[in-house]
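*Asks:* Quick one: sequence and predicted model below, then my questions.
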Amino acid sequence: MRYIAVLLFLTFSLLLIAEKKPPYEYYRLGNQADITSTTQSGIVLMGAGIDVDAAFQWMCELSGNGDFLVIRATGTDAYNPYIQQLCPNSNSVATLIIPTIEAANDEFVINTINQAEAIWIAGGDQSDYINYWKRTLVQGALNERILQGVPIGGTSAGLNVLTQFIYSALLSKGVTSSEALADPFNKYITLDRDLMNLSILQGVIGDARVIPRDRMGRNIAFLCRIYDNGWSDRPRAISIDEETALLIDALGIGTVVGKSNAYFLQAPGAPEICQAGSPLTYKDINVYRINAAGGKYQLLNWHGIDGIEYLVSAVEGVLTSDQDNLLPY
């Protein structure tokens, strides 16, 4: 009887092991076999809202129509049919959901990233990407693929984590511009850095949904905090509006596609007043605005062509600009 009981226990245990779900989710359309294609470097920063078709088509071209991989911490595989329709010649389109540190160190997850010829980081909550992916094998694999010339992009939270400096949004709500301008050390301003190693985005913090959520003020507060942290003495920001994407090619030239604007900010140096409990004063932030109607931006020397250049200042927590309408956008 004891022998039978042990045998039953072992059989039951093996069944449990066999039925244990992996720590990730994986969904794939197209060819189930991997291919290797010749890729070209490129970066997409998308400002959330309705996705911009042209940005995905550009990435597919850079991928050599290889295997297109979407990664995220939560959500579904809804990107798969959308991208496959835009890029019918791609070998495959897959979504990999990586919701834990365990998943971010899983062999299958790393192998899948290593076989991708284009990588897209979906929107969601960037704190998940910091908490689950930083200091894991996923971080190393992503940066290795970047070095190998694989195009990478992201929208919303996916945009946030591509720049060197990151608004990590670790608390329960996102900081608003009014909160950040009133106190640049507001508890909801949480910053991180160095999840991705994209040389052209060093010294930069990214943000999305600029106009509809009025985020210019918080972007300038981020610059003050980056300076205060000692991370950069002339901090920069790239802010992308909704339904808009910035395409950065291998030469560091940025072009806007979609419906609205991209903003490139550079602080002149130290803020006048950047301290806890006090309204922010940070004057003469240089802003360059380009949109899908024309204009380019050379990120290597931080210089725009055929756009609009102006200055924005925060003075005792109030934004103004030297544009005729005094507005920051």
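*Replies:* The structure has been received and is ready for your questions.

*Asks:* Residue 265 belongs to a strand, doesn't it?
*Replies:* Yes - counting by DSSP: H, G, I helix; E, B strand; the rest coil, residue 265 is located in a strand.

*Asks:* Name all residues that make contact with residue 168.
*Replies:* By C-beta atoms under 8 Å, 6 or more residues apart in numbering, residue 168 lies in contact with 126, 127, 130, 160, 190, 191, 192. The way it works is simple: take the backbone N, C-alpha and C, and place the C-beta from them, glycine included.

*Asks:* Which pLDDT value belongs to the fourth one?
*Replies:* As summarised for this prediction, residue 160 has a pLDDT of 98.

*Asks:* Pretty sure it sits against residue 204.
*Replies:* No - counting by C-beta atoms under 8 Å, residue 204 is not a contact partner of residue 160; they are 11.3 Å apart.

*Asks:* any idea what sits nearest residue 157, other than its immediate chain neighbours?
*Replies:* Nearest residue to residue 157 in three dimensions, chain neighbours excluded: residue 126, at 3.9 Å (C-beta to C-beta, 6 or more residues apart in numbering).

*Asks:* you'd agree that neighbour is up against residue 161?
*Replies:* Yes - counting by C-beta under 8 Å, residue 126 touches residue 161, with 5.4 Å between them.

*Asks:* and the strand or helix carrying residue 246, which strands flank it?
*Replies:* Using DSSP states H and E, residue 246 sits within strand 244-248. Each strand paired with strand 244-248, and its direction, by DSSP bridges: strand 43-46 (antiparallel), strand 253-258 (antiparallel).

*Asks:* Between residue 160 and residue 204, point out the one with more neighbours.
*Replies:* residue 160 (28 against 23; other C-beta atoms under 10 Å).

*Asks:* Would you enumerate the residues in contact with residue 186?
*Replies:* Neighbours of residue 186 in contact, by C-beta under 8 Å, 6+ apart: 175, 179, 180, 221.

*Asks:* Actually, residue 198.
*Replies:* 43, 146, 152, 162, 163, 164.

*Asks:* And the pLDDT for the fifth one?
*Replies:* The one in question is residue 163. pLDDT at residue 163 comes out at 98.

*Asks:* Leaving out sequence neighbours, find the closest residue to it.
*Replies:* residue 206 (4.0 Å).

*Asks:* Doesn't the one you found lie inside a helix?
*Replies:* No - according to three-state DSSP, residue 206 belongs to no helix; its state is strand.

*Asks:* domain ranges for the protein?
*Replies:* 23-162, 171-329 (automatic domain parsing).

*Asks:* can you give me the end-to-end distance of the longest one?
*Replies:* Going back to what we said before, that points to domain 171-329. 28 Å (C-alpha to C-alpha, to the nearest Å).

*Asks:* mean confidence for that domain?
*Replies:* Computed over domain 171-329, the average pLDDT equals 97.

*Asks:* Which helix or strand contains residue 178?
*Replies:* Here residue 178, judged by DSSP H and E, is contained in helix 177-182.

*Asks:* Run through who's touching that helix.
*Replies:* By C-beta under 8 Å, 6+ apart, helix 177-182 touches 186, 188-189, 214-218, 220-222, 279-280, 314, 317-319.

*Asks:* list the helices and strands the next helix or strand after it packs on?
*Replies:* Toward the C-terminal end, the helix or strand that comes next after helix 177-182 (DSSP H and E) is strand 191-193. On a contact count with 3 or more C-beta pairs under 8 Å, 6 or more residues apart in numbering; DSSP states H and E, strand 191-193 meets strand 165-167, helix 216-229.

*Asks:* buried residues in the longest one?
*Replies:* Right, the one you point to is helix 216-229. 216-228 (16 or more other C-beta atoms under 10 Å).
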